[in-house]
Each structure stands twice: as structure tokens, then as C-alpha cells.
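Asks: sequence and predicted structure below; questions after.
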Amino acid sequence: MSRFFSEKHASLEPYVPGEQPKERKYVKLNTNESPFSPAPLAVAYARSVIGTLELYSDPELRDLCDVASKYFRVEKDEIIFTNGSDEILDFAFSAFCDEKHPAVFPDITYGFYPVFAEKYGVPYETFPLEKDLSIDVEKYIGVGKTVFLANPNAPTGIALPLEDIERIIRSNPDNVVIIDEAYVDFGAQSAVKLIKKYDNLLVTQTFSKSRSLAGARLGMGFACKELIRDLNTLRYSTNPYNVNRVTENAGIGALLDDAYMKENCKKIIENREYTVSELKKLGFEATDSKANFIFVKHPKIGGKELYLKLKERGVLVRHFEKERLKDHNRITVGSLEQMKRFIKETSEILEEVK
Ligand code: PMP
């Protein structure tokens, strides 16, 4: 830390993203990226504006908004776009949390939530997950705090049914409930349609996973127009050009090529189910993941040991040091070929440690 760093940030522990190694070509199953390239139409749209990057992007992102409002069946003033969904989550902590509106989220969830809370000096509470790593919905009913829930949750992949999400929203009318749907397209139910019914709901989604655009950084939020206006106040006070022109166009192409996205999600779901069933044969326990990753543990080998041994063999998965997570590994679901390689290496490692 330099002697100039503001004291208010002195104790901030930044989020640690998954490794992006350059030294070796890994089978990369550690950051929940898609194994598939972006849709051909997304690439074509992005390319079409490369030669005009002397211009700023449209701060209102009107072309993307037009396409998205039809696609998601919401009004244009019920959507906001951000630089990845991390940015809208950052805005949400800043906009909807303070001393009077502390935040609440599970003890095991997306690791960025506590970082945002610390960054904005927002008081927050965490509710422990149940023994089976599920969320006890009752804890959030009428909690009277700003609720952040990833659905499906990360890194467990477990999803809540829409009725439970709706009960949480309905029972906290004076607090915003943020449902982070980064992984919703792989088998969970979306709450987007509920924004018409509740003025305290913000749903966030991303183009990083099911639409293969992690590197483009495009996230979005859906809410009633008043909440979107608040978020835009912060967006225009931070960077009105937060979504660049190449990314805006990639996003348009991705939404127009819906069949490509649906087909890829289908493949990921099939590969997920295949991987889980193969791992169970090897003695692994797995949560019921509805995401593009699985969360598994084995009675004979610790999470860290398996992670390190797989890394030596050229397969990268995600291991978390946190006490309740350290026996597990989170494995991104990739192509069938990648998953077969991962299973082969894992079964050889298990033979070694027997
Ligand atoms: N929410 C959850 C639960 C995530 O796992 C991630 C990805 N790390 C994000 C949001 C943010 O993704 P992005 O910024 O790429 O949209």
C-alpha cells in the first residue's frame, strides 16, 4: 500500500479472479467461461464497427436496448447494460444499501458480494447455507434488508424455484431484492417477468456464460423504471460509455442468434449430466447443479490436492480455501472432449492415491 492510499480502503480485500495462465495450454475449467466461440452473428456485428472506433459508444445503447427489450419482453426503460454484470452488482451495492438498508446474502455465494459491501462501507450479514449447501428460504422472508441471491447459487449451482424467489421479494416490500441470474440459462427459472409485478426487484444477467462473451464484458439488469433510473444515475456518474461499441454490437448479434445460444446451453446441460454421472461412479458427491459448473467432493482426496494434481496434468479447476468449501472443487462444464479428459485424469489420480 502506498502512503497515499485512502484510509477508507486500507482494509479492502479485493476479489481474487480465477487464474488466466499464459505459460501453458490448460484444459481450462476454472472460470465458468463457455467452451464455445461467440455466435457467428455476434462476431459479424462486432467486426462491423471495428473501423469506427474513433467514435464513443451511444451512452443510451439504443440499438442494443431495442433488440433486448423485444427479446426479454420488457420496456426499454426497464433495462440497463453494464461492463459485465459485476458492474451492475457494484452499482446495486452502492445504490440500494446503506446503514438503514444493510445487505444480506448467504455465507457461501459469489465472492464479490462481500467485497462490494466492504468497498462501500455497507453493513452486511451472511446467513449460513444448510448442511446440504442449499439456501433456507425462510431466513430471507421478511428479513428487512437488501437481499442479494445468486440463482443458481455459486459455487454450489443449486437453484431456488421461482415461487421461493417471489416469496422473498413479496415479503420485503421496503427493500430491494437482487437476483443474480448469471447462470440462469443452464436450467433455472428466471425472475425477469416479476419486474412487472414488484417495484423492489432487480434481476441481473450476463452475456459472459451462455452467450460466450466473457471477454466482451456485457451485463444487464431488469427492474421497474425507477430502479433503473437510480442505477443510471450511478452509471452516468461513473462512466456513461461503460459498454463499448464493439461489445454493444456483439451483444446485438448474440441476441439475434438465439438458436445458437440455446443449442450451446443444451450441450452444456448434457455434458454436465454426463460428467456428474461419471464422477459419481468414481465415488464423488455432487450438488444438484443447474449452472455451467459442478461442485464436487471426494471422500478420499482433499479439494486442494485434487486441484494441484489436475493442474500438474494440464487441467485447471477452481479450488476455494474457505473452510466450508475447501473439500470441494468447482469444475466448469466444457465441451464433451474436455470433460472426458478431466474424467480420465481424475480417475488416474484416484488410482494413485488409493
Ligand atoms: N454473478 C455470479 C454469481 C458470477 O459467478 C459471476 C462471474 N464471475 C458474475 C456475476 C459476474 O460475471 P460478469 O461480470 O462476467 O457478467
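Replies: Cool, got the structure. As the structure is a prediction and not an experimental result, all values here were calculated from the model.
Asks: residues making contact with the longest helix belonging to the chain?
Replies: Using DSSP state H, we find that the single longest helix of the chain is helix 258-281. Helix 258-281 has contacts (C-beta atoms under 8 Å, 6 or more residues apart in numbering) with 34, 36, 39-41, 71, 185-187, 210-212, 254, 286, 289, 292, 294, 296, 331, 333-336, 339, 342-343, 346. C-beta coordinates here come from the backbone N, C-alpha and C atoms, glycine included.
Asks: which of those fall in strands?
Replies: Taking DSSP state E as the definition of strands, the contacts of helix 258-281 contribute Ala286, Ile294, Val296, Ile331.
Asks: neighbours around the residue nearest to Gly334 when sequence neighbours are not counted, how many?
Replies: With sequence-adjacent residues excluded and distances taken as C-beta to C-beta, 6 or more residues apart in numbering, Gly334 is closest to Pro35, at 4.0 Å. Pro35 has 21 neighbouring residues, counting by other C-beta atoms under 10 Å.
Asks: do I have it right that Pro35 meets Leu336?
Replies: No: judged on C-beta atoms under 8 Å, Pro35 makes no contact with Leu336 at a distance of 9.2 Å.
Asks: now the common contact residues for the two.
Replies: Joint contacts of Pro35 and Leu336 (C-beta under 8 Å, 6+ apart) do not exist.
Asks: tilt between the longest helix of the chain and strand 293-297?
Replies: 10 degrees (axes from the mean of the first three to the mean of the last three C-alpha atoms, to 10 degrees).
Asks: how about Pro106: which residues does it bridge to?
Replies: Phe127 (DSSP bridges).
Asks: just the pLDDT for Phe112.
Replies: Note on Phe112: pLDDT of 97.
Asks: that one contacts Leu89, doesn't it?
Replies: Yes: counting by C-beta under 8 Å, Phe112 touches Leu89, with 6.4 Å between them.
Asks: which one's more surrounded, these two?
Replies: Leu89 (25 against 21).
Asks: any regions of the chain where pLDDT drops low?
Replies: The model of the chain has no residue with pLDDT under 70.
Asks: please parse it into its domains.
Replies: 19-36+259-352, 40-256 (automatic domain parsing).
Asks: Ser6 is nearest to which of those domains?
Replies: domain 40-256 (11.5 Å; C-beta to C-beta).
Asks: does that closest one come close to the ligand?
Replies: Yes: applying C-beta under 6 Å from any ligand atom, one finds domain 40-256 touching the ligand at Gly84, Ser85, Asp86, Tyr110, Ala150, Ala154, Asp180, Ala182, Thr206, Ser208, Ala214, Gly219.
Asks: of all those, which two lie farthest apart?
Replies: The farthest-apart pair in those, when distances are taken by C-beta to C-beta, is Ala150 and Ala214, at 16.7 Å.
Asks: comparing those two, which shows the higher neighbour count?
Replies: Ala150 (30 against 17).
Asks: identify the residue nearest the more buried one in space, chain neighbours excluded?
Replies: Asp180 (4.2 Å).
Asks: verify the contact between that neighbour and Ala92 for me.
Replies: No: assessed by C-beta under 8 Å, Asp180 is found out of contact with Ala92, at 9.1 Å.
Asks: what about the residue lying closest to Val184 once chain neighbours are set aside, neighbour count?
Replies: Nearest in space to Val184, with sequence neighbours left out and distances taken as C-beta to C-beta, 6+ apart, is Ser190 at 5.0 Å. By other C-beta under 10 Å, 17 other residues sit near Ser190.
Asks: which element is Ser190 on?
Replies: Ser190 belongs to no helix or strand when assigned by DSSP states H and E.
Asks: can you report how many residues lie near Leu213?
Replies: 24.
Asks: okay, now the residue lying closest to it once chain neighbours are set aside: neighbour count?
Replies: Spatially, and ignoring its direct neighbours in sequence, Leu213 is nearest to Phe207 (4.1 Å; C-beta to C-beta, 6+ apart). For Phe207, the neighbour count with other C-beta under 10 Å is 25.
Asks: just the one 3 residues further on next, same as before
Replies: Other residues near Ser210 come to 22 when the count uses other C-beta under 10 Å.
Asks: ok, it touching Gly187?
Replies: No: taking contacts as C-beta under 8 Å, Ser210 lies outside contact range of Gly187: 10.7 Å.
Asks: could I get the contacting residues of the residue in the stretch 51-200 of the chain positioned nearest to the ligand?
Replies: Relative to the ligand, the nearest point of the stretch 51-200 of the chain is Gly84 (2.8 Å; C-beta to the nearest ligand atom). By C-beta under 8 Å, 6+ apart, Gly84 lies in contact with Thr206, Ser208, Arg217, Leu218, Gly219.
Asks: in CSV: these, plus distance to Thr238 and neighbour count.
Replies: Formatted as CSV, the contacts of Gly84 follow (distance: C-beta to C-beta, whole Å; neighbours: other C-beta atoms under 10 Å):
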residue, distance to Thr238, neighbour count
Thr206, 18, 24
Ser208, 20, 23
Arg217, 14, 20
Leu218, 16, 28
Gly219, 14, 24
